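Student: Just need the structure, nothing else, for what follows:
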Amino acid sequence: MLWQPPTVSGLLVLFLMVGMGAVGFADDFIKISRQRSPGLKSGQKLMGQAAVGIVFAVLALQFPNDALRRPASTHISFVRDTAIDPAFAGPVIGMILFILWANLMIAGTSNGVNLTDGLDGPATGSSVMVFAAYVVISIWQFNQNCQTNPGINCYDVRDPLDLAVVAAVGTGACFGFLWWNASPAKIFMGDTGSLALGGALAGLAILSRTELLIVILGGLFVTITASVIIRVASFKTTGKRVFRMAPSSTTSSCSGGPRSRSSSASGSSRASSSGPARPSSTVNGSWGRRERCPPTGCTTGGPDQQRG
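Tutor: This next block holds a predicted model:
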């Protein structure tokens, strides 16, 4: 089989992944170089994500192939494009609305994975399953593609096979990270990894025309993000916190729930990157015992868990 150059769809997903990773790297670099610095401000991070997302969205509506199919569509999609098309008011309005919609998806997915990579670090384990799901979805779309097998139930996706390859690479990368992150953990993902993974998942959802399906596939990300939003909104409106900590994955630890040494080591690595660790604030994985929460209670998350 002759080598073929990568398609636009595959390159766009990689661009989005690297772009989001660059924003996360800037955040991590500032934290490490300035020790206890919180890193990028939330507005600065959102601006960086928006800049990458706008470029991705504009390029995704370009590059028609021989069949005049583009990497993305202005239609809202679930398992394929639906009848809802923001371009009904004209191509310019459709382009603007698609850019806003794509940026909402990209920011929501990348920040959702970032929040999930909190005290217990489940982001990689969750991402590997979503990437694996997109391998299956993209291969199925390739076999039932409208360009090669036109029919009523075909999938109008430009480059499904390359999307399957990118998703398979993401699956393997996450498995590799989990292997080296087994107890005792040797690698910490940080914002560099979590934002990159979220960007890749958002890109796969947009280009495979499964935008709303990502809400189901990434249900854990949605749940944890919702817990953060509910907690912050409740505190700002009523002065009371619905959860003891946010994201919700850390609440069980403060209630005496079990935690693995691998996730504890990740928490210790997070603390060491921002300055001397306080024994009462995390669980020390190398000692293999669970510490209690601070006397004031678990009212705030770590630097990467709560940014509200």
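Student: how near is the residue nearest to the spatial centre of the chain to residue 14?
Tutor: Nearest to the geometric centre of the chain sits residue 198, at 1.9 Å (Cα atoms, centre = their mean). Applying Cβ to Cβ, to the nearest Å, the value for residue 198 to residue 14 is 14 Å. In this view, the C-beta of every residue, glycine as well, is placed from N, C-alpha and C.
Student: Can you identify each of the helices in the stretch 151-300 of the chain by residue range?
Tutor: 160-180, 190-207, 213-217, 219-238, 251-254, 261-273 (DSSP state H, counting those that start in this stretch).
Student: which residues touch the nearest residue to residue 195 once chain neighbours are set aside?
Tutor: With sequence-adjacent residues excluded and distances taken as Cβ to Cβ, 6 or more residues apart in numbering, residue 195 is closest to residue 24, at 3.7 Å. Neighbouring residues of residue 24 by Cβ atoms under 8 Å, 6 or more residues apart in numbering: 114, 190, 191, 192, 193, 194, 195, 196.
Student: list the contacts for the fifth one?
Tutor: With contact set as Cβ under 8 Å, 6+ apart, residue 193 has these partners: 21, 24, 117, 123, 124, 177.
Student: Next step: those residues restricted to strands.
Tutor: Among these, no member falls in strands (criterion: DSSP state E).
Student: before we move on, the earlier item: any idea how far the residue nearest to residue 195 lies from residue 68?
Tutor: Residue 24 is 36 Å from residue 68, by Cβ to Cβ.
Student: now do residue 229
Tutor: 40 Å.
Student: what does residue 178 give?
Tutor: 41 Å.
Student: Show me which of the two is the more surrounded one.
Tutor: residue 178 (15 against 7; other Cβ atoms under 10 Å).
Student: State the pLDDT value of the more buried one.
Tutor: pLDDT, residue 178: 84.
Student: Correct me if wrong: it contacts residue 124.
Tutor: Yes - the criterion here is Cβ atoms under 8 Å, and residue 178 meets it with residue 124 at 5.6 Å.
Student: Torsion angles phi and psi at the residue nearest to residue 149 when sequence neighbours are not counted?
Tutor: Nearest residue to residue 149, sequence neighbours excluded (Cβ to Cβ, 6+ apart): residue 143, at 7.4 Å. Dihedral pair for residue 143: phi -70, psi -20, per degrees, to the nearest 10.
Student: So what's the residue count around residue 143?
Tutor: Other residues close to residue 143 by other Cβ under 10 Å number 13.
Student: Poorly predicted segments of the protein, please.
Tutor: By pLDDT under 70, the low-scoring segments of the chain are 1-3, 36, 118-121, 183-185, 243-308.
Student: at 50 instead, please
Tutor: Residue ranges of the chain with pLDDT under 50: 250-253, 259-308.
Student: one step back: indicate which one of the helices of the stretch 151-300 of the chain is closest to residue 96.
Tutor: Nearest of these to residue 96, taken as Cβ to Cβ: helix 190-207 at 16.0 Å.
Student: The closest one versus helix 219-238: what angle between them?
Tutor: If you take axes from the mean of the first three to the mean of the last three Cα atoms, to 10 degrees, helix 190-207 sits at 110 degrees to helix 219-238.
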